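Peer 1: Kindly return the folded structure for what I paste below:
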Amino acid sequence: MEDAPTFDDIDHEGYNTIRLLCSANAHVQQKLEEILQNLGDTRFYEWENQFGMCLVHRHFKLKEDEVVLERDLVSQPEASASPRYPERWVKLDDKYMAYEFTNLPTSSPPKRLWDAFIEVVGNAGMSDVLGLFYLPSQILEGKLAVETASEEKRMNTVEYRSTLPASTSTIRSGWRIGSLQNKSSGCVHCTGPTHV
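Peer 2: Prediction:
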């Protein structure tokens, strides 16, 4: 098995500095197409079914000793001592950080992937707002993962759909790497307070 960088778990203060959804989305728009084009390079092909690129964002603040943990398609704050596996990673201040977690086993991105990924997003000045996520925990082939967030409840709920909801605006927050098509199928979207 290939070496992975050492990942620290982000603390609540670090998590709370992550941009909110609309701010993160606005920040990346100018360079997104170029980044997606570069992530379609053949050097990313071997990971296209394992990892995707995510828009690093938050919907609510964490309190001391909390992490965001997904269980059964619901992500919400839980005690940082809860058993968990990293599901989303970002490079902040020259440190590799796991910033959201799941109760299901995952794999960490290998160093070769991180090096290639950071070269692309870092050169675009986006390494703090674009990260990697563990694809198998997020994707159902042929479906869109639509996440709805409630800041009041401090909860995100994912629903798998064949089409996007017609009545809401959505922000795409996840892309497959290694494919120039960056397939919509299986990608993550947020709508209003929700996203895909």
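Peer 1: All the helices of this protein, residue numbers only.
Peer 2: Taking DSSP state H, the helices of the chain run over residues 12-16, 21-28, 32-39, 111-123.
Peer 1: which one of the ones you listed lies closest to Ala166?
Peer 2: helix 21-28 (20.1 Å; Cβ to Cβ). Using the backbone N, CA and C atoms, a C-beta is placed for each residue, glycine as well.
Peer 1: Mean confidence (pLDDT) on that closest one, please.
Peer 2: For helix 21-28, mean pLDDT is 95.
Peer 1: Stretch 57-69 now?
Peer 2: Here stretch 57-69 scores 96 as its mean pLDDT.
Peer 1: swap in stretch 132-142?
Peer 2: Taken as a whole, stretch 132-142 has an average pLDDT of 81.
Peer 1: Over to stretch 149-156?
Peer 2: Stretch 149-156 shows a mean pLDDT of 92.
Peer 1: what about it, distance to the chain center?
Peer 2: How far stretch 149-156 lies from its chain's middle: 17 Å, per Cα atoms, centre = their mean, to the nearest Å.
Peer 1: List the buried residues for that stretch?
Peer 2: By neighbour count with 16 or more other Cβ atoms under 10 Å, stretch 149-156 contains the buried residues 149, 154-156.
Peer 1: do you know which of the helices of the chain lies nearest Pro136?
Peer 2: The nearest among those, by Cβ to Cβ, is helix 111-123 at 14.9 Å.
Peer 1: Mind giving me the packing neighbours of the closest one?
Peer 2: Here helix 111-123 touches helix 32-39, strand 51-55, strand 85-92, strand 130-134, going by 3 or more Cβ pairs under 8 Å, 6 or more residues apart in numbering; DSSP states H and E.
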